[in-house]
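Asks: Quick one: sequence and predicted model below, then my questions.
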Amino acid sequence: AKKNPAKSAGSQTGSKQITLGFSQVGSESGWRAANTQSVKQAAAAAGIALKFSDAQQKQENQISAIRSYIAQKVDVISFSPVVVTGWDTVLKEAKAANIPVILTDRSVETSDPSLYVTLVGSDFEIEGERAAHLLEKVLAGHKGPVKIAQLEGTTGAAPAIERAKGFATIMHASHPEWKIIASQTGDFTRAGGKQVMAAFLQAHADIDVLFSHNDDMAIGAIQSIQAAGKTPGTDIKIVSVDGVHDGFVAMSKGQINAIVECNPLLGPQLMDAVKVVHAGKGSTLPRWIKTKESDYTADQAAAALPSRKY
Amino acid sequence: MAEPRPVLEMTGIVKEFAGIRALSDVDFRLFPGEIHALLGENGAGKSTLIKVLTGVHPLDGGTVVLDGRPVRITSPLQAQQAGIRTVYQEVNLCQNLSVAENILIGREPVRAGRIRWKELRRQAAQLVTRFGLDLDVSAPVGSYPLAVQQLVAIIRAVGSGVAGDGGAGSGTRVLILDEPTSSLDRDEVEELFALMRRLREEGVAIVFVSHFLDQIYEVCDRMTVLRNGALVGEHLVADLGRVNLVKLMIGKDLDELEELSEHHGQSQAGETVVKAEGLSRAGAIAPFDLEVRTGEVLGLAGLLGSGRTELARLLFGADTSDSGRVYFEGQQAALREPNDAIGRGVAFLSENRRTEGLVPDLTVRENIILALQAARGWTRPVPASQRDELVAKYIAALDIRPADPEAKTGSLSGGNQQKVLLARWLLTRPKLLILDEPTRGIDVGAKAEIQKLVVSLSEEGVAVVYISAELEEVLRLSHTMGVLRDRRLVARMANGPDVTAGRVLEIIASGEHQ
Amino acid sequence: MSVLDGIRTGGGRVRLLQDRRLPVLVTAGLFLVMFGFGAFRYQSYGFLDGQVFMNLFIDNGYLLAAAVGATFVILTGGIDLSVGSVIGFTTMLTAWLVEKQGLPFLLVAPIALGVGAFGGYLMGYVIHHFEIEPFIVTLAGLFFFRGLCLVISKESISITDPTVNRLAQTHVPLPGGSFLSIAAVVSLAVLALAYYVLHYTRFGRRVYAIGGNEQSALLMGLPVAGTKIAVYTVSGFCSALSGLLFTLYIQSGDPLHAVGLELDAIAAVVVGGTLLTGGSGYVIGTLFGVLVLGLIKTLIQFEGTLSSWWTKIATGVLLFAFILIQRTMTARRRT
Amino acid sequence: MSLTSLWRAATQHRLFWPVTALVALLVINVPFTPGFFEIHLKNGHLYGSLVSIVLFGSPLILVAIGMTLVIATGGIDLSVGAVVAISGALACLVVSKQGNEDAVGGVLLAFALALAAALVCGVWNGLLVARLGIQPIIATLILMVAGRGIAQLITSGQIITVNSGAYSLIGGGYWLALPFSLFVVALVVVLSMALTRRTALGLLVEAVGGNAEASRLVGIRSRRIKIMAYVFCGLCAGIAGLMISSNVSAADGNNAGLWIELDAILAVVIGGTSLTGGRFHLGGTIIGALIIQTLTTTIYTIGVPTQTNLVFKAVVVIVVCLMQSPAFRAKVFGARAQRRGPARKTPGVPADAPQQMEVSP
Ligand SMILES: Nc1ncnc2c1ncn2[C@@H]1O[C@H](COP(=O)(O)OP(=O)(O)OP(=O)(O)O)[C@@H](O)[C@H]1O
Ligand SMILES: Nc1ncnc2c1ncn2[C@@H]1O[C@H](COP(=O)(O)OP(=O)(O)OP(=O)(O)O)[C@@H](O)[C@H]1O
Ligand SMILES: [Mg+2]
Ligand SMILES: [Mg+2]
């Protein structure tokens, strides 16, 4: 059922159609799936020929994918870096082949900023900070020390590290009374969140707040909290990141108190950028095109729920 | 002349396996330039003594003195470096390597650390031919029959001594051969003996283990007899007659052997059990016809590599045939897998017990029950009571030691393992029993038992195909004889007083039968 | 002795049947067929550009180095699961020493190699002397080294060291305008060395002997202990080397680098026709194994229309198709 | 005196070291979680660390049991993780498609389909290994890779959430105040014990694993046996998949059962079954699985810093394995053992042996 790619190879056949080579990190979560979805749809809508490849969470795959895009002489290359470091070589090759590069979702560390045109995405560290601020709202009126349990994402993964960092910054800056008494990785999965939370509840009778690096872990944790005979959202306040559909469902039930949205639907923004870049006006773009995101608390949940696409 | 100093002296040797004493306070001494027989029943402790000496098993007690210096040998490597070369009972070669490598590995000719392959093959070929063999030394050793492999193992052991290269092995002081002849034919045995004598002249001390008394009396100067892991005595071969020797070994007189003389009365020709027409397998055995009736013992004679095993394997469906048909009790059978044949009441005792027979991790009981169980299928286990009774019966009947159904089969002595495999097939009550080298590594007493067993089975109407490297045995037992040569069945004849070893050898040599 | 003539002829036949080079040849052949297929299907994308072929080496050089090490272990009938973690650890250690401690790369490299080799040695020692299954010991190794990565730092460290950059970006030009990376060249050198060691040194033959039958090898008086431990040391060393190549390739240390790479390495070895039971196989086969895996990736990337899950499925299907054909072509009659 | 002999007998027992390790691990928790061994009733069901160990450990136990049989035949199955994902995904898909997710009928249908899929996976592996003679590790690697893809194909990359009391029972629910999964595991264990030890299957499996060629020559249909083993393993993984997804009432094609194959193999080996095939011990496997689950829980409860989780796990694993290794004990505690070893007493030479030996002139 594979169509002969030669047809879709716009750039070769001289037509005006733009070919975009997009290398996705992988498909590790619902969030990611929504992200992929959005990119594909936006490309179709914008009439851009998309060459998509999935790196299965492996940087080496992403690099060789980018290489193959260079070999295929696509017009624009875009990718969401699996890690922040180690892109110089391949990006230089892209530059040498003068193919412009657009980052999505997360940024990279590089010696030479001219290696990519712009970044379409969000900033995990800031998400962490936003989470902390949301928690302030949630805890409004609460007196005395706050014992926080943290569900980290996959150890070593950028979002996990940055979100923790951002949260900690605010905490240390302005909340001496907050204390993280337990922190473990739940690998961004529901099962992980549930198991870890169950163990936390055994070990610490007195957790006031749960900060979860994504909704899935929070949802898992909620089940453990209930199993322990407590009411999530009341006995234990919960703040999490992402804003996937199920997260909002939980929030509308009052089980999650607040969610920091991290919007995967950046396809349209990306495609706009691609067009601009291909038109050679890349320099006009900002270095960082922020995705449209907002923060939600339980009271807004019900209203927002219907509009959640992912 | 004054007695020379022993090259090797072992005193008070003790070895225990999980509390069982395999050797208790055994003394053993070995003089330069002698061939010393190590004798005993199956399980007496011969191989264990050898393994303890060469550092395969750690000593539990006792001392070893080599050339007057006490030594502690903890690995076969050390043993080799001390000038002790060994051919262990079960052929120990690396099937994946070529004959040449198996002979010389560890002592490959190298220049600047680089193996000289041509030279390696040359040396190997030289050793092989020196032994009167003619093999393709670059073929994987696994592709040769067991007998050939055994010869290769021997060549490896003695080779080093003979081809005095500078390697770790030069200057063999002691050569140990644990049942080297168990699967050899006369000619190879002759070659081996010639070599042993040559080495004896060179002052090498040789330990020789065998269950063939004639061979003992043919080459050995001195013998040490073990029983149940204890020393029974050391004698000059000249001083001790067979009867006494046997008596020493098994602790009771043995006259059954004589009694069981030239049995091959009229095979009360029953109806045909198996009939092969033009059965063949390329490269292994030429098309042959053959027929065995109930109660008939068909003996197959032939030299090493003549195709006896192959013939047997075809009848059993262990290998698939290229051409020809097989009939069991009249109707034709397609043998794709062994269990096609087993379903028709065929049993096959392989000559190669280690790779094709035993499941070493399983207990004696499990190994014995295996064939029967396989026949019944996994859904119908043999009832425990019946199983234990059967197992107990055959352990007793074949005198398997230790008589413990829970013992790990892998830890049994060679001969006892062979008996376990025999028992495995006997309790399937086969109609056709194919025995390939059934008495390999079996001691005199047990051998007689097994031969009697064959006779009684045939009297009960079981058809038997009997393969043995020992021509006398075949002649003694079989009603009809088949002679193979170069993988072809060249002659079939009824056995009788007129059929003698000489005559058979004649046929083998000439290749046709007048 | 003439009775053995028959045997000798038989020998020829049987050897023909069991020629151990067959799997390698088949693998190589199939690889070429597959490549031809790709060339035909994606010609319009410059698949035939010599560089696409060279990229196979550039993008899989580190895998080749690791797989070569794994070949040694597998030839003895063992297995090494720690490969991926050791690679990850090496990238981390290198990056940390170079960037955070400011040591020169040329000093760090030998340290890293030493650490990897020592790790392998330890595992080999435990495996042999304490008779614990290689699978488990090296699995513990897998956990341990991955853990060490994180202990060094949870965050990835990018390497800005000029030496590294130079090494990473040097192109070794080849006739026809295409080029190789230093890493690719090194990995090919390792391959050649390994071939020499396995086929022209006593050590190499001992590796095969142990794989053929460890018990026999012991009774034949070969230094089994030493060889086995050495083999794991070699594997550790190759993994570390692979880690360095990976560092050059990616110019960063990341605690999650090369997760699960051990399976790729093992797959490459096995696809290359080596038996996991040991004793049979050629390191050259491993090269083709690596190339095949790399080619599968490349084909999928050139296809460029596959969604995430179809990528996985396609990988599995291609692998299956490959092994199936290889299997049917090398299948031989039981004797 | 008799006590020491009793002690020796105990230490001889196969399960001694695994059980010791398990107990030790459990005890480690007490200082950190004083109420570790407490179990009390929380809204109608038992609640406590031990309970959750069993609850979360059940899937691993199941997978490990299946793996044990495969390993006993001399094989290995890397695809169990993928199978877990597939069955979970399929079941959740079916349930979520039901109008009324709580309808028992729909849930049972989901189970049936999921297990059917798992069975197919098992057959596939079995055929590759037994019929085509592909090396197990690579044969199952194929499904390990492709299976994840299939699972994601089913969920189309999303996490399928189900809100079905009936469905959440099997992996997350309680029955008679006990985790329901406990009963499932118990059932499977009893079944597999019966299957292997009441019939001759166990013996035949061990024979095939112990010496394939010999087994062929005694007429064992080793192919069938192997295929059965892989099918059984697939089914176990399938049930585990149902449990895992039901436990969180959601199917995650990408992460469900990720790397569970390694833990399962680990459990099997810790339980005393050799990867080379042959003898296998289901009891040991269960202990092994519990050890691993306890280890996981311990890491969470005693507050090991995230980045040292793996080092901690590695150390525990290696210590457990060393303790089990006779060679290690011999080398380390060897010295004493030597001395305690039987003093050489004069052996009983049979009476009829010649008392004085003639020596050659
Ligand atoms: N590895 C082992 N573990 C336990 N018991 C053993 C082991 N090896 C040998 N034995 C026991 O030691 C005793 C002597 O065995 P050994 O092989 O020395 O007998 P043998 O004289 O060589 O007999 P055969 O003539 O049949 O070869 C036997 O009872 C055997 O069961
Ligand atoms: N040179 C050889 N190369 C490969 N296989 C061989 C060779 N010689 C013999 N064989 C194998 O050996 C068998 C033929 O010898 P076979 O063992 O049947 O004869 P035999 O009379 O039984 O010898 P033995 O007395 O040693 O058993 C076949 O399995 C054949 O494949
Ligand atoms: Mg013996
Ligand atoms: Mg034979």
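Replies: Received, thanks. Numbering: from 1, shown residues only, chains lettered A, B, ... in the order given. Ligands and ions are numbered 1, 2, ... in the order given.
Asks: which intervals of the stretch 251-400 of chain B have sub-threshold pLDDT?
Replies: Along the stretch 251-400 of chain B, segments meeting pLDDT under 70 span B:253-269.
Asks: what about residue 174, neighbour count?
Replies: If you meant another chain, say so; for now it's chain A. 12 (other Cβ atoms under 10 Å in any protein chain shown). All C-beta atoms are positioned from the backbone trio N, CA, C, and that covers glycine.
Asks: I was after chain C.
Replies: A count of nearby residues for residue C:174, using other Cβ under 10 Å, gives 12.
Asks: Quick check: it touching residue C:180?
Replies: Yes - at 6.3 Å, residue C:174 counts as touching residue C:180 under the criterion of Cβ atoms under 8 Å.
Asks: How about the contacts made by residue C:30?
Replies: Contact analysis of residue C:30 by Cβ atoms under 8 Å, 6 or more residues apart in numbering or on different chains lists C:292, C:322, C:325-326.
Asks: What's the separation between it and residue C:287?
Replies: The spacing between residue C:30 and residue C:287, counted by Cβ to Cβ, to the nearest Å, is 14 Å.
Asks: Helix or strand: which one has the residue in chain C that ligand 1 sits nearest to?
Replies: Residue of chain C nearest ligand 1, by Cβ to the nearest ligand atom: residue C:215 (11.5 Å). Using DSSP states H and E, residue C:215 sits within helix C:214-219.
Asks: helices or strands next to the next helix or strand after that helix in the packing?
Replies: Next helix or strand after helix C:214-219 toward the C-terminus (DSSP H and E): helix C:224-250. The contact analysis (3 or more Cβ pairs under 8 Å, 6 or more residues apart in numbering or on different chains; DSSP states H and E) places helix C:224-250 against helix A:59-71, helix C:50-75, helix C:83-95, helix C:105-129, helix C:162-169, helix C:182-200, helix C:202-212, helix C:214-219.
Asks: Okay, and which of the contacts of residue C:30 map to helices?
Replies: Those of the contacts of residue C:30 mapping onto helices are C:292, C:322, C:325-326, per DSSP state H.
Asks: Let's see if you can find the most crowded of those.
Replies: Neighbour-wise, those (other Cβ under 10 Å) top out at residue C:292, 26 neighbours.
Asks: residue contacts, it?
Replies: Counted by Cβ under 8 Å, 6+ apart, residue C:292 has contacts C:27, C:30-31, C:34, C:268, C:271, C:322.
Asks: Over to residue B:63?
Replies: Residue B:63 neighbours (Cβ under 8 Å, 6+ apart): B:10-12, B:70.
Asks: Out of these, grab the one that's most surrounded.
Replies: The residue in those with the most neighbours, by other Cβ under 10 Å, is residue B:10 (21 neighbours).
Asks: ok, and the closest non-adjacent residue to it?
Replies: residue B:28 (4.4 Å; Cβ to Cβ, 6 or more residues apart in numbering or on different chains).
Asks: model confidence over stretch A:296-310, on average?
Replies: Per-residue pLDDT over stretch A:296-310 has a mean of 83.
Asks: From start to finish, how long is it in a straight line?
Replies: Start-to-end span of stretch A:296-310 (Cα to Cα, to the nearest Å) is 16 Å.
Asks: Is it in proximity to chain C?
Replies: No - using Cβ under 8 Å from any Cβ of the partner chain, stretch A:296-310 stays clear of chain C, with a minimum separation of 15.0 Å.
Asks: so how far is that stretch off the chain centroid?
Replies: Here stretch A:296-310 shows a centroid-to-chain-centroid distance of 18 Å under the convention Cα atoms, centre = their mean, to the nearest Å.
Asks: What residues of it count as buried?
Replies: Neighbour counts over stretch A:296-310 (16 or more other Cβ atoms under 10 Å in any protein chain shown) mark A:296, A:298, A:300-301, A:304, A:308, A:310 as buried.
Asks: same deal with stretch B:201-216?
Replies: For stretch B:201-216, a neighbour-count test (16+ other Cβ under 10 Å) marks B:204-213, B:215-216 as buried.
Asks: distance of residue B:15 from residue B:25?
Replies: Counting by Cβ to Cβ - residue B:15 and residue B:25 are separated by 10 Å.
Asks: Would you mind measuring from the nearest residue to residue C:246 once chain neighbours are set aside to residue A:268?
Replies: Among residues not flanking residue C:246 along the chain, residue C:62 sits closest, at 4.3 Å (Cβ to Cβ, 6+ apart). When distance is defined by Cβ to Cβ, residue C:62 is 38 Å away from residue A:268.
Asks: between the two, which one's more packed in?
Replies: Between residue C:62 and residue A:268, residue C:62 has the larger neighbour count (other Cβ under 10 Å), namely 33 against 17.
Asks: Can you give me every residue that contacts residue A:250?
Replies: A:215, A:218-219, A:222, A:256.
Asks: Residue B:318 too?
Replies: Counting by Cβ under 8 Å, 6+ apart, the residues that residue B:318 touches are B:312, B:338, B:348, B:350, D:216-217.
Asks: make it 10 Å
Replies: Residues near residue B:318 by Cβ atoms under 10 Å, 6 or more residues apart in numbering or on different chains: B:309-310, B:312, B:335, B:337-338, B:341, B:348, B:350, B:356, B:434, C:334-335, D:213, D:216-217.
Asks: how near is the nearest residue to residue C:254 once chain neighbours are set aside to ligand 4?
Replies: Spatial nearest neighbour of residue C:254, chain neighbours left out: residue C:156 (3.6 Å); criterion: Cβ to Cβ, 6+ apart. In this view, residue C:156 and ligand 4 are 64 Å apart by Cβ to the ion, to the nearest Å.
Asks: distance of residue A:299 from ligand 3?
Replies: Distance of residue A:299 to ligand 3, given as Cβ to the ion: 87 Å.
Asks: Wait, a strand at that residue?
Replies: No - using DSSP: H, G, I helix; E, B strand; the rest coil, the assignment for residue A:299 is helix, not a strand.
Asks: Just give the number of residues close to the residue of the stretch 201-335 of chain C found nearest chain B.
Replies: Taking Cβ to the nearest Cβ, chain B has its nearest neighbour within the stretch 201-335 of chain C at residue C:212, 3.4 Å off. When counting by other Cβ under 10 Å, one arrives at 26 neighbours for residue C:212.
Asks: Correct me if wrong: it contacts residue B:94.
Replies: Yes - taking contacts as Cβ atoms under 10 Å, residue C:212 lies within contact range of residue B:94: 3.4 Å.
Asks: joint contacts of those two?
Replies: Counting by Cβ under 10 Å, 6+ apart, the residues touching both residue C:212 and residue B:94 are B:101-102, B:140-142, C:279.
Asks: what sits against residue C:307?
Replies: A:24, A:27, A:33, A:36-37, A:40, A:52-54, C:313, D:149, D:152-153, D:156-157.
Asks: swap that for residue A:113, please
Replies: residue A:287.
Asks: Tell me where the model's unsure across chain C.
Replies: Across chain C, residues meeting the criterion (pLDDT under 70) sit at C:1-19, C:331-335.
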